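J.: One predicted model, sequence on top.
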There are 2 protein chains.
Amino acid sequence: MELLEILECSPPLAREPLDAEQAAGVARVFKALGDPVRLRILSIVASRAGGEVCVCDITGAFELSQPTISHHLKVLKEVGLLTSERRASWVYYRLVPETLGELSALLDVPATV
Amino acid sequence: MELLEILECSPPLAREPLDAEQAAGVARVFKALGDPVRLRILSIVASRAGGEVCVCDITGAFELSQPTISHHLKVLKEVGLLTSERRASWVYYRLVPETLGELSALLDVPATV
DNA sequence: TACCTATTTCGATGAATGTCTATACGGAAG
DNA sequence: CTTCCGTATAGACATTCATCGAAATAGGTA
């Protein structure tokens, strides 16, 4: 169930085929990345200097309703790409760099030669 | 329209936010990766020593109908992850390592420190 | 030309997804 | 305690997607 564990146990695509369970876990994460809005949200959070972004900062960057943004944040959080913390009235989202790093390693190609 | 070009022009997520056009292009590729069957197909092709895989070899690895496999191959090909070549009666699929490499770079995190 | 085989395309169906509006929750301030 | 602000959830709707069976296409062979 722990997606990060599945990612850690999955070999790079170029080394050996994924089994069904690994593929199912990895696919969940990529599916979360397969939406333009979520990609932009993730890049906003990932590139933020302090590492934290308030939800209100994100909703301001899109023409979408607040619940829609909240839904996308939830999806990114469920697959382990983001975490959230509430402080006072605001909720701050933060990147989980380990998850992103595992994905990057999974796709890495060992030099085309 | 060239997805590989879009990938090449898209900065790593951790460096700067994607604009709408970049996000749309990148999302198409990740969406293609967001299916367990396609991930397994891609890993089969990517890890194959000779670099080439016949469609008949792929269908044998799944419990799915042959047209379904063909559909997934088409999706992977449309986003630039695979290419195909016909020789005699058989079609051989091959990985496009540049596309995978661009994706890996996009997700790369510069060391969490 | 006709035939065989491997592959792709077509049409349909049930499930999943993105978006919205309306509502509920949680903390802060009068 | 009541009200307000920011955020999350619930329900609904239209669209997209994965899968299948059946039919069509393409290469090679004779």
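T.: Structure received.

J.: What mean pLDDT does stretch A:48-66 get?
T.: The predicted model gives stretch A:48-66 an average pLDDT of 92.

J.: same deal with stretch A:103-113?
T.: In the prediction, stretch A:103-113 has an average pLDDT of 82.

J.: Name the residues of it that are buried.
T.: A:103, A:104, A:105, A:106, A:107, A:108, A:109 (16 or more other Cβ atoms under 10 Å in any protein chain shown). Bear in mind the C-beta positions are built from the backbone N, C-alpha and C, glycine included.

J.: Centre-most residue in chain A?
T.: Nearest residue to the geometric centre of chain A (Cα atoms, centre = their mean): residue A:81, 3.1 Å.

J.: distance of the closest residue to that one other than its chain neighbours from residue A:106?
T.: Spatially, and ignoring its direct neighbours in sequence, residue A:81 is nearest to residue A:99 (5.2 Å; Cβ to Cβ, 6 or more residues apart in numbering or on different chains). Distance, residue A:99 to residue A:106, by Cβ to Cβ, to the nearest Å: 11 Å.

J.: How about residue A:35?
T.: Distance from residue A:35 to residue A:106, by Cβ to Cβ: 19 Å.

J.: what touches both of residue A:99 and residue A:106?
T.: Common neighbours of residue A:99 and residue A:106 (criterion: Cβ atoms under 8 Å, 6 or more residues apart in numbering or on different chains): residue A:7.

J.: what residues are up against the residue nearest to residue A:81?
T.: Residues in contact with residue A:99 (Cβ under 8 Å, 6+ apart) are A:3, A:4, A:7, A:29, A:79, A:80, A:81.

J.: Doesn't it lie inside a helix?
T.: Yes. The assignment for residue A:99 by DSSP: H, G, I helix; E, B strand; the rest coil puts it in a helix.

J.: how about the nearest residue to residue A:18, chain neighbours excluded?
T.: Nearest one to residue A:18, counting by Cβ to Cβ, 6+ apart, is residue B:43 at 4.6 Å.

J.: List the contacts of the one you found.
T.: Applying Cβ under 8 Å, 6+ apart to residue B:43 gives the contacts A:13, A:14, A:16, A:17, A:18, A:23.

J.: Within the helices and strands, which one has the second one?
T.: Assigning secondary structure by DSSP states H and E places residue A:14 outside every helix and strand.

J.: so how far is residue B:107 from it?
T.: On the measure of Cβ to Cβ, residue A:14 and residue B:107 end up 15 Å apart.

J.: Would you mind naming what in chain A lies close to DNA strand C?
T.: A:31, A:34-35, A:37-38, A:63-65, A:67-68, A:71-72, A:75, A:86, A:88-89 (Cβ under 7 Å from any atom of the strand).

J.: From residue A:52, how far off is residue A:85?
T.: Distance from residue A:85 to residue A:52, by Cβ to Cβ: 8 Å.

J.: Not counting stretch A:58-75 itself, show me its contacts.
T.: A:32, A:35, A:37, A:38, A:40, A:41, A:44, A:45, A:55, A:82, A:84, A:93.

J.: Got phi/psi on residue A:63?
T.: phi -90, psi 20 (degrees, to the nearest 10).

J.: rewinding a little: show me what contacts the residue nearest to the centre of chain A?
T.: Contacts for residue A:81 (Cβ under 8 Å, 6+ apart) come out as A:29, A:32, A:33, A:42, A:95, A:96, A:99, A:100.

J.: and the residue nearest to residue A:107 when sequence neighbours are not counted, what element?
T.: Of all residues not flanking residue A:107 in the chain, residue B:104 sits nearest, at 4.0 Å (Cβ to Cβ, 6+ apart). Residue B:104 is located in helix B:97-107, with elements delineated by DSSP H and E.
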